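A.B. asks: mind folding the following:
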Amino acid sequence: MADKADKPKEERKSWHTLSYQEQQQRQLQKLFERVDKPVAIPEPTKERVAKPPPDVVRNVQGSSAGAGSGEFHVYRALRRKEYTRLKDMDEQELKEKEARDYEEKLARMRAEDEERTAKNRAKRRRKNKDSKEKEKGEKVAKTSEDTPKKKSDTKSDKKIEGEKKESNEKSNADNDSSEIPITP
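C.D. replies: Residues are numbered from 1 along each chain as shown. Down below sits the predicted model:
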């Protein structure tokens, strides 16, 4: 009794007077008080499978008219079982239809995505191809002799140009000698 009086007013609240958030908070606090204790996580509920109809049916109704008052409860139980069975069959059929529709929708969406992706891929390739052709055209224009050459102002530039000319002349001389056919 003294323990309850020592606790603050918020903790003394009844479980039913707590808000949903406070209930969760209290549950978590209890779990964290005993960390070493394993937490039982319930398994997901399995789909209920109805029993198949029996091969032998007891309490078969006779063909005589005017069933007795005792037969009403038997009839009602059989009717309830049959309605439950039909309801389960309808639910199963609905689930299967929804699953088929979902799979068809996924397949259709994947096909649309693939089509859109292929279209964009082709567009990117065309764009890259066009840009490469432009770059080649620009390189050809830059290397052509139509473009004016700038004059070198410094001595180092003149020296480099002179070295280039000499190396070009040597390579041309090497190329000319290789073109002369040697007859044995």
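A.B. asks: just checking, what packs against the lengthiest helix in the chain?
C.D. replies: If you go by DSSP state H, the chain has its longest helix at helix 71-143. Where contact means 3 or more C-beta pairs under 8 Å, 6 or more residues apart in numbering; DSSP states H and E, helix 71-143 is not packed against any helix or strand. All C-beta atoms are positioned from the backbone trio N, CA, C, and that covers glycine.
A.B. asks: where does the protein dip in pLDDT?
C.D. replies: 1-13, 15, 50, 59-67, 143-159, 162, 164-165, 167-184 (pLDDT under 70).
A.B. asks: which SSE is Glu43 in?
C.D. replies: Following DSSP states H and E, one finds Glu43 outside all helices and strands.
A.B. asks: and it, how many neighbours does it have?
C.D. replies: Neighbour count for Glu43, taken as other C-beta atoms under 10 Å: 5.
A.B. asks: same thing with Ser19?
C.D. replies: Around Ser19 there are 9 residues (other C-beta under 10 Å).
A.B. asks: cool, Leu78 as well?
C.D. replies: 15.
A.B. asks: ok, Glu91 next?
C.D. replies: If we define neighbours as other C-beta under 10 Å, then Glu91 has 12 of them.
A.B. asks: how close does it get to Ala77?
C.D. replies: 21 Å (C-beta to C-beta, to the nearest Å).
A.B. asks: likewise Lys129?
C.D. replies: Distance from Lys129 to Ala77, counting by C-beta to C-beta: 77 Å.
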